[in-house]
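> below are the sequence and a predicted model for it; my questions follow.
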Amino acid sequence: MTRLIVAALLAALGTTPAAAGAASAVFAGDPTDPGSGAPYEILPGKPLVRPGLDHILGTGDDVVDASIVGDIDLVVRTGTRDASPVIPPPALGGADPPTVGIAGPRNAGGSEVPFTVFLSDGITSGEAPAGRRLAAADMDGHPVIVAAFADLDGDGMIGPTAGGGGSAQALRLRELLPVGRAAALCNGGVARGAIAVQRGLPPSQGGLRVVLTALALTGPFDAAVFDGAIPSGPAIATALPFLPQRDLTRMIRDRAVPAGPATTLQSLVQFAAVPAPGAYALPLDGSEPTIDGAIVHSQPAVRVALRDGAAPRDVDLPLEQLTLGTEGAAGLLRLRLVGVDRFDNPADAATPQPVRILADGPLRLLSPRLTRRGAALMLRRGSLRVAGRVPPDTADGAAGTIRVERDGVVVATLPYTVRAAANRPRADLVVPSSAAATIQAGIDAATDRDGDGHIVVAVRPGLYREAVAVRRFVDLIGAGRAQTILLGDGSAPVVEVLSPGSLVSGVTAIGGWRGVELGGASTRLFDVLAWRNGEVGLYLGGADTDAEHATARENGGDGVHAFGAGARCDDVWSDNNTGNGGSSAGAGITWRGTRVTRNGLAGITLLGGGPTVADSACVANDGDGLSVLDAPSATLADNLCALNDEDGLRIESSDDAVVVGNTLDDNHRYGLFLRRSANTDFSRAAGAQPPPGDNGASGNRRGDVFVRPD
């Protein structure tokens, strides 16, 4: 039986699940939790999995009961299918060609994939491998969520499987993120609708294969659960490529929208933890009876874009900025120029595109060679490879732009910076190898073989299911955040650095209590992604720690928390975390070039004396954009605070601040809120000037500037 959600959720919300006698008809004869009386939530064909004492699903103390296995409650099919008693077979693996869609919603040039979802009685046979339609009246009017997942690496499976290099493993992790969501209302045991899929590949590459899955909440609409907008009972689902997240409060931060095609439940299908290879991977051959698939083509090319030249397939994500090293392989440029549609999917152009590829700054382009003579190149189907090199004498911090021109008009740009921190030092030990089978073993055993005063442990591309602690002066260097992935068990930081002076570079940390924790003084991280950790993504606890060119995304607490005095965050992106995008509580902490977007609390919250936030963007956060609370002598310069749900910039109980050059627009409360903060200077000119001074504020709902002295 597919059950996912509610005992722990409703307990956390202060409510109780519906009694067993009130459970939906889809649960008839199913096992129930003796403690709550509610039906268990189990994926079809999978054993019952319950969180252990830590109440966190996906950690080492999970309890697996193989004696209780889920049956079929929900089935999804592509197309508009007949609602006869026997649920029809999937198109996947069948004789008929699969449904073909075009990426994007129909009002933006796409062709959505129609679907039909059936409630199943769970009684399977050779005649009815997915069971028969169950017209459960208690489910009428309940929303059914359909989520699409893409086969990004082309291996015929959705989700992690064994084998393959680090790039393939990174793509398989991305396969756990839906590429489309839709909702439809159930009536008579059937729900019909259409789903827009955002990702696709051009017809010349055969399109992109996707799988449709479905999930629905049962039970009554209880006013104590999200104001009655969402059914309060257990959930049912088709097969999914993971155990789903059970805590709705982590997925629905705003007020829930009443049930319907636009319901906020569309975001409900998210993974609780990265599954073991093959544990929940979905096949695309039609052997899983509860799901179905389609082919999605990209739209015709409307522009060109630069992509990572090392990516294994043409489904890689857009590049926003490029960082190159000053020497060796780190100073080499490898890109591809591709045609893309309006959703950034690789696309076929109707006619060949004449383009020129140019670079300013220190970068020297090596190919295509015709570019050096200024001749146009023809971009047809596929891509053009672009290569270059940074000269060895290039200064740290140099910058430039790669641009693509057509008929003298710039049609694509990619800024780049040159940083010595991107260099890959010579390794003293490589893991895994015969010398060290695990990363931790390599950290503990490595010696300074080349005598340069640094011990460097290099980690090959791959997915490593281990958390590591650096207790000695060792640099931990992965092959890049997209290729070296460390997976924790939720009980500790994925990477914990306790020794002074160490560097962590080129890794992704996922699934830990924290992502990366810098506890030693003067420790650094570079090119690191902290993703889906239980609490803080990046924790800078030691004095003078440094986070550069790093990302914190979808963590359960703050994206970045800087506690150690003098900590620095430079070119950090913190997105969609449950807590603040960034927070600091030490003295003299600096945020520069930071982006904080869509976080559950403020963009950046400052405590402690003498902080600096400069050249940063705080956009679309659920709290203030930039919140300065009991942080005297703050410097806030040239920041963008826009579209936040509360104030753009809030300064409270923080004397002697310098606030200049900030743009505070379109926030839901005030652009600038100033309270109990003396000697605040809003001008670069000599002498203190009242707000707004050198700052701009417009379009804020309650007012652009609010000053309250008490």
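Looks like it came in fine.

> tell me where the stretch 401-550 of the chain has strands.
Applying DSSP state E, counting those that start in this stretch to the stretch 401-550 of the chain gives strands spanning 409-418, 429-431, 456-459, 462-464, 468-470, 475-477, 484-487, 495-497, 503-510, 516-518, 524-531, 538-540, 546-553.

> how about the ones you listed in CSV, adding distance to residue 678, mean pLDDT and mean neighbour count?
(Glycine included, C-beta is placed from N, CA and C.) Converted to CSV, the strands of the stretch 401-550 of the chain look like this (distance: least, C-beta to C-beta, whole Å; pLDDT from 0 to 100; neighbours: other C-beta atoms under 10 Å):
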stretch, distance to residue 678, mean pLDDT, mean neighbour count
strand 409-418, 39, 93, 16
strand 429-431, 55, 97, 20
strand 456-459, 50, 97, 24
strand 462-464, 52, 90, 22
strand 468-470, 44, 97, 23
strand 475-477, 45, 97, 24
strand 484-487, 47, 94, 26
strand 495-497, 40, 98, 25
strand 503-510, 41, 96, 26
strand 516-518, 35, 98, 30
strand 524-531, 37, 96, 25
strand 538-540, 30, 98, 29
strand 546-553, 32, 96, 25
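
> out of the ones you listed, which gets nearest to residue 151?
Nearest of the strands of the stretch 401-550 of the chain to residue 151, taken as C-beta to C-beta: strand 462-464 at 17.6 Å.

> would you reformat the strands of the stretch 401-550 of the chain as TSV and include distance to residue 297?
Formatted as TSV, those follow (distance: least, C-beta to C-beta, whole Å):
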stretch	distance to residue 297
strand 409-418	22
strand 429-431	42
strand 456-459	38
strand 462-464	30
strand 468-470	43
strand 475-477	40
strand 484-487	30
strand 495-497	40
strand 503-510	30
strand 516-518	39
strand 524-531	29
strand 538-540	39
strand 546-553	29
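
> straight-line length of stretch 681-699, end to end?
Across stretch 681-699, the terminal residues are separated by 23 Å (C-alpha to C-alpha, to the nearest Å).

> buried set for it?
Within stretch 681-699, the residues scored as buried using 16 or more other C-beta atoms under 10 Å are 681-683, 689, 691-695, 697.

> again with stretch 141-157
Quick answer for stretch 141-157 (16+ other C-beta under 10 Å): 142-155, 157.

> what backbone torsions are found at residue 568?
The phi/psi pair for residue 568 (degrees, to the nearest 10) reads phi -130, psi 140.

> ugh, typo on my part, it should be residue 106
Per degrees, to the nearest 10, the backbone of residue 106 is at phi -70, psi -30.

> once you drop chain neighbours, what's closest to it?
Excluding the flanking residues, the one nearest residue 106 by C-beta to C-beta, 6 or more residues apart in numbering is residue 112, at 5.5 Å.

> same deal with residue 199?
Per C-beta to C-beta, 6+ apart, closest to residue 199 is residue 179, 4.3 Å.

> and the one you found, how far from residue 691?
For residue 179, the distance to residue 691 equals 45 Å [C-beta to C-beta, to the nearest Å].

> residue contacts, residue 286?
89-94 (C-beta atoms under 8 Å, 6 or more residues apart in numbering).

> so how far is residue 98 from it?
10 Å.

> which neighbours do these two share?
91-92.

> need the contacts of residue 286 in JSON lines with distance to residue 362, can you?
Formatted as JSON lines, the contacts of residue 286 follow (distance: C-beta to C-beta, whole Å):
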{"residue": "89", "distance to residue 362": "60"}
{"residue": "90", "distance to residue 362": "55"}
{"residue": "91", "distance to residue 362": "53"}
{"residue": "92", "distance to residue 362": "51"}
{"residue": "93", "distance to residue 362": "53"}
{"residue": "94", "distance to residue 362": "56"}
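
> just the buried ones from those?
Buried members of the contacts of residue 286, counted by 16+ other C-beta under 10 Å: 89-92.

> which elements pack onto the longest helix seen in the chain?
The single longest helix within the chain, with elements called by DSSP state H, is helix 166-174. Here helix 166-174 touches strand 462-464, strand 484-487, going by 3 or more C-beta pairs under 8 Å, 6 or more residues apart in numbering; DSSP states H and E.

> need the residues that contact it.
The contact list for helix 166-174, computed with C-beta under 8 Å, 6+ apart, reads 152-153, 155, 159-161, 164, 274, 310-313, 315, 460-463, 479, 482-485, 508, 510.

> tell me the mean pLDDT over that helix?
For helix 166-174, mean pLDDT rounds to 80.

> run the angle between it and strand 524-531 for me.
Interaxial angle, helix 166-174 versus strand 524-531 (axes from the mean of the first three to the mean of the last three C-alpha atoms, to 10 degrees): 40 degrees.

> let me know the angle separating helix 166-174 from strand 503-510.
Angle, helix 166-174 to strand 503-510, by the same axes, to 10 degrees: 40 degrees.

> C-alpha coordinates for helix 166-174, CSV please?
Taking Å, rounded to 0.1, in the frame of the first residue of the first chain, the C-alpha atoms of helix 166-174 are listed here in CSV:
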residue,chain,number,x,y,z
GLY,A,166,30.9,10.6,-11.3
SER,A,167,29.2,12.6,-14.0
ALA,A,168,26.7,9.9,-14.5
GLN,A,169,26.1,9.7,-10.8
ALA,A,170,25.4,13.5,-10.7
LEU,A,171,22.9,13.2,-13.5
ARG,A,172,21.2,10.3,-11.6
LEU,A,173,20.8,12.5,-8.5
ARG,A,174,19.2,15.2,-10.7
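
> return the distance of that helix from the chain's centre.
Here helix 166-174 is found 14 Å from its chain centre; the criterion is C-alpha atoms, centre = their mean, to the nearest Å.

> stretch 45-56 too?
Distance, centroid of stretch 45-56 to centroid of chain: 24 Å (C-alpha atoms, centre = their mean).

> buried stuff in that stretch?
46, 48-51, 56.

> same question for it, mean pLDDT?
85.

> end-to-end on it?
In stretch 45-56, first residue to last residue: 22 Å (C-alpha to C-alpha).

> what of stretch 403-412?
6 Å.

> distance between that stretch and the chain's centre?
31 Å.

> contacts for that stretch, please.
303-306, 337, 353-360, 413-414.

> between those residues, which has the most around it?
Using other C-beta atoms under 10 Å as the neighbour test, those are led by residue 357, with 25 neighbours.

> now that residue, what's its secondary structure?
strand (DSSP: H, G, I helix; E, B strand; the rest coil).

> picking up where we left off before, and the buried residues of stretch 681-699, which is closest to residue 655?
Nearest member of the buried residues of stretch 681-699 to residue 655, counting by C-beta to C-beta, is residue 681, at 10.9 Å.

> buried stuff in the strand or helix carrying residue 671?
For residue 671, the host element (DSSP states H and E) is strand 670-675. Neighbour-count burial for strand 670-675, counted by 16+ other C-beta under 10 Å, picks out 670-674.

> determine which two of those residues are furthest apart.
Largest separation among those by C-beta to C-beta: 671 and 674, giving 10.7 Å.

> now for the two: what residues contact both?
In contact with both residue 671 and residue 674: residue 705, using C-beta under 8 Å, 6+ apart.

> so residue 546 bridges to which residues?
residue 524, residue 568 (DSSP bridges).

> tell me the contacts of it?
Counting by C-beta under 8 Å, 6+ apart, residue 546 has contacts 522-525, 540, 567-568, 570.

> which of the residues you listed lies closest to residue 227?
Nearest to residue 227 among the contacts of residue 546, with distances taken as C-beta to C-beta, is residue 540, at 38.5 Å.

> which ones are touching the closest one?
518, 546-547, 560-564, 567, 569.
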